[in-house]
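Asks: Only the shape, not the letters, is given here:
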């Protein structure tokens, strides 16, 4: 037969089980809430990652575009410098040819590049010689080496 003591022990065990079930239900609810909050936060972070990836792609495209423009500008500047250098060289050649032709027409020899400054000195000396006829002979003798 069942005694009163056994019934009280059973009742105590049932009370403890009910209390434990209540505690476990509260913990379960708290865990579900935490899981839901974590999942929501994870979705927000995934959206931010996608947004950052998109923005990063746009930034990379912008940088590549800017670099491309800089390369084109550098190429244009290089081409302009080359063209200018070529034009300057042609102009110098044309000027030298014109001087040579003018000197040839006037009966003078065309000076080489190394004697060009001496030619200028000769012109200055001729001007001085015209002003000072007595020095003319000295200057002519000095200039005979050219």
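Replies: Thanks, I have the structure now. Just so we're clear, the structure is a prediction, and the values are computed from it rather than from any experiment.

Asks: Show me the strands in the protein, by range?
Replies: Under the criterion DSSP state E, the chain contains no strands.

Asks: all helices for it, in order.
Replies: 4-105, 116-131, 136-143 (DSSP state H).

Asks: Pick out the shakiest of those, pLDDT-wise.
Replies: Across those, helix 116-131 has the smallest mean pLDDT, namely a mean of 49.

Asks: Outline the domain layout of the chain.
Replies: 4-108, 115-146 (automatic domain parsing).

Asks: Next one: the residue nearest to the spatial centre of the chain from residue 39, what distance?
Replies: What sits nearest the mean C-alpha location of the chain, by Cα atoms, centre = their mean, is residue 67, with 5.9 Å. Using Cβ to Cβ, to the nearest Å, residue 67 is found at 42 Å from residue 39. Heads up, the C-betas are built off the backbone N, CA and C, glycines and all.

Asks: Next: residue 46.
Replies: Distance from residue 46 to residue 39, by Cβ to Cβ: 10 Å.

Asks: Equivalent analysis for residue 62, please.
Replies: Distance from residue 62 to residue 39, by Cβ to Cβ: 35 Å.

Asks: and what of residue 104?
Replies: For residue 104, the distance to residue 39 - Cβ to Cβ - is 96 Å.

Asks: can you check residue 84 too?
Replies: Residue 84 is 67 Å from residue 39, by Cβ to Cβ.

Asks: With residue 25 instead?
Replies: 21 Å.

Asks: Residue 100: neighbouring residues, count only.
Replies: Applying other Cβ atoms under 10 Å, we find 15 residues neighbouring residue 100.

Asks: With the one 3 residues further on instead?
Replies: Other residues near residue 103 come to 14 when the count uses other Cβ under 10 Å.

Asks: same check, this time on residue 80
Replies: Residue 80 has 10 nearby residues by other Cβ under 10 Å.
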